[in-house]
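# Quick one: sequence and predicted model below, then my questions.
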Amino acid sequence: MGMEIERKFLLPEYPEQLIEGGQLNVLTRHSIDQTYLAIEDGQELRVRKITDLDSGEVTFTHTFKDGKGISRKEIEYNISEGLYNQMIEAVKAVPLVKTRTTAVWNGTTVEIDVYTQLELTVIEVEFDSLEEAESFTAPEWFGEDVSVAKQYSNKTVWKQLQQK
């Protein structure tokens, strides 16, 4: 089982000027529909439909996560469209939709998520070790560190969407 070690920050504004100025090099842009199948005691099962906004290619994933905080166990693998559709039909839930821009800033890969159903934009950085994550100093433009703030976790935001 792999480990996901990441920090998340509230991005006050989309960094268009950094992209245009060449300080933030965009690698990929995806639209992600994310639906949770089960959430309990720090464990979660979810599926995603991921559309590459440049090529149009669509992939589907199934993910299991275990743990809380900035370091969690994670298993993720591709599934077929048919299996994805069966799971979506079974839970009859509203997917959390976000546009993800993966880019490189200062030698560091970052993921910028703009949530389409909410007024929320975050930037995430994944790390190879807990020590690396804890010693990372974010630039001011990243905004507030919300790595352990439950109200900004995808599963919390997704749960709120189900109540609308």
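Thanks, I have it. This one's a predicted model, so the numbers in the text were calculated from it and none came from an experiment. Residues are numbered from 1 along each chain as shown.
# Tell me which helix or strand comes right after the one helix or strand I123 maps to.
Using DSSP states H and E, I123 sits within strand 120-127. Note on strand 120-127: by DSSP H and E, the next helix or strand toward the C-terminus is helix 130-135.
# shouldn't L37 be in contact with V91?
Yes. Counting by Cβ atoms under 8 Å, V91 is a contact partner of L37 at 5.8 Å. No exception for glycine: its C-beta is placed from N, CA and C like everyone else's.
# returning to that earlier point: the strand holding I123 - contacts with which helices or strands?
strand 2-10, strand 108-115 (3 or more Cβ pairs under 8 Å, 6 or more residues apart in numbering; DSSP states H and E).
# Mind checking those strands for the one nearest to T61?
strand 2-10 (13.4 Å; Cβ to Cβ).
# what does the average pLDDT come to for the closest one?
When pLDDT is averaged along strand 2-10, the result is 94.
# Just the buried residues of that strand, please?
By 16 or more other Cβ atoms under 10 Å, the buried positions in strand 2-10 come out as I5, R7, K8, F9.
# lowest-confidence helix or strand of this protein?
Lowest by mean pLDDT, DSSP states H and E among the helices and strands of the chain is helix 154-162, with a mean of 91.
# counting contacts, what elements does that helix pack onto?
strand 24-40, strand 96-105.
# rerun at 10 Å
On a contact count with 3 or more Cβ pairs under 10 Å, 6 or more residues apart in numbering; DSSP states H and E, helix 154-162 meets strand 24-40, strand 43-52, strand 96-105, strand 108-115, strand 120-127.
# Who does T102 form a beta bridge with?
T28, E111 (DSSP bridges).
# what's the spacing between F136 and Y84?
Distance, F136 to Y84, using Cβ to Cβ, to the nearest Å: 34 Å.
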